[in-house]
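Q: Need the 3D shape of this:
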Amino acid sequence: MLEVTDVAVWYPTSGVALPSTSCVVEEGGIVLLAGRNGSGSTTLLRSLAHDLPPGARRVGQIRLDGADLTRAHPDDLVGEVALVADAVTLPSARVADVVRPSRRARSAVADELVERLGLVESHDP
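A: Take a look at the predicted model:
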């Protein structure tokens with residue numbers, strides 16, 4: 001289970017990037033995070049992956065299966081938390097292509113996610 005409690009992010013040049021946000025994602029759960037440009041959805045994901053730009057300040061707590069990841073080093077999150085490219089990065093990609101970009105990158109988790117969401121199978125060249 002992922003627990004996000006009162007996570008907020010400030011950027012030194014622009015101020016509040018993510019107002020205080022809390023949520024719980026049960027094991028096996030799938031969450032759609034959507035919002036207008038600048039609403040903080042990407043900042044929330046980047047804060048979970050410890051991938052904020054230099055100078056950013058984050059407060060709040062992040063727990064994964066009971067373990068406190070709030071101050072974890074990004075190297076400790078490999079295999080636990082991943083930031084997937086968004087539509088700005090891959091404007092012509094389908095969701096299935098982003099979740100499982102190539103045959104070499106297939107994993108049981110990606111295959112299960114594609115099946116659960118009913119995504120169209122991509123055709124690798």
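Q: lowest average confidence, helix or strand, in this structure?
A: Counting by mean pLDDT, DSSP states H and E, the weakest-scoring helix or strand in the chain turns out to be helix 95-99, with a mean of 55.
Q: who touches stretch 55-75?
A: 1-13, 17, 20-22, 27, 47-52, 76-77, 80-81 (CB atoms under 8 Å, 6 or more residues apart in numbering). For glycine as for every other residue, the C-beta is placed from the backbone atoms N, C-alpha and C.
Q: Which of the residues you listed are buried? Put it as a PyMOL command.
A: Paste this into PyMOL to select the buried members of these, with burial taken from 16 or more other CB atoms under 10 Å:
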select buried, resi 2+3+4+7+8+9+10+17+21+47+48+49+50+52+77+81
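Q: Low-confidence regions, the protein specifically.
A: 78-110, 113-114, 118-125 (pLDDT under 70).
Q: Tell me which stretches of it form helices.
A: For the chain, applying DSSP state H gives helices covering 41-48, 95-99, 108-117.
Q: what about Asp68, neighbour count?
A: 11 (other CB atoms under 10 Å).
Q: What's the separation between it and Ser22?
A: 15 Å (CB to CB, to the nearest Å).
Q: now Gly15
A: In this view, Gly15 and Ser22 are 20 Å apart by CB to CB.
Q: Gly28 too?
A: 20 Å.
Q: Val31 now?
A: Counting by CB to CB, the gap from Val31 to Ser22 is 13 Å.
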